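# Here is a sequence together with a model predicted from it:
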Amino acid sequence: MEIISGKDPELWRIAQKRAKFKKHVFTYVVINIFFWLIWLLTGDYGAWGGIPWPVWPMVGWGIGLAFSYFDAYQNPKSTLANKEYEKLKKQQGNE
């Protein structure tokens, strides 16, 4: 990821992740609408035990999208390494 001078590198990294997530959501919606239109136009309603086939790519891709959301929006500043560092720092101060 590129860093632009004059910007906080951490905030810039978070902003890039969030922008990337928003692009993925848009692509997810457009492609899944396309899948559902194909399903509707082909009339393949009885296959897969009555479950429309576009459900499967939606679910699989949706799981990946959920991980991307958590990476971009849920606690983006505190990484596992930062948490461990703070924990060790507290432990060292108590001794």
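That came in fine, so what should we check first?

# Please name the residues that touch the residue at minimal distance from the centre of the chain.
The chain has Ser68 as the residue nearest its centroid, 1.5 Å off, counting by C-alpha atoms, centre = their mean. Residues in contact with Ser68 (C-beta atoms under 8 Å, 6 or more residues apart in numbering) are 20-21, 24. Any C-beta I mention is one placed from the backbone N, CA and C, and that applies to glycine too.

# Output these as JSON lines; include the columns secondary structure and neighbour count.
JSON lines is the format used below for the contacts of Ser68 (DSSP: H, G, I helix; E, B strand; the rest coil; neighbours: other C-beta atoms under 10 Å):
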{"residue": "Lys20", "secondary structure": "helix", "neighbour count": "14"}
{"residue": "Phe21", "secondary structure": "helix", "neighbour count": "17"}
{"residue": "His24", "secondary structure": "helix", "neighbour count": "16"}
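
# Let's have the residues you listed in JSON lines, adding distance to Ile14.
Output for these, formatted as JSON lines (distance: C-beta to C-beta, whole Å):
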{"residue": "Lys20", "distance to Ile14": "11"}
{"residue": "Phe21", "distance to Ile14": "11"}
{"residue": "His24", "distance to Ile14": "16"}
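
# what stretches of this structure score poorly on pLDDT?
In the predicted model, the chain carries pLDDT under 70 at residues 1-5, 46-49, 75-80, 95.

# Could I get the full set of strands for it?
Counting by DSSP state E, one finds no strands in the chain.

# just the helices in the chain please.
Assignment of helices within the chain using DSSP state H yields the ranges 9-42, 55-73, 80-94.

# State the distance from Ala19 to Trp61.
19 Å (C-beta to C-beta, to the nearest Å).

# swap in Leu41?
21 Å.

# How about Lys22?
15 Å.

# okay, the two: which has more neighbours?
Neighbours were counted for Lys22 and for Trp61 using other C-beta atoms under 10 Å; Trp61 has more, 16 against 11.
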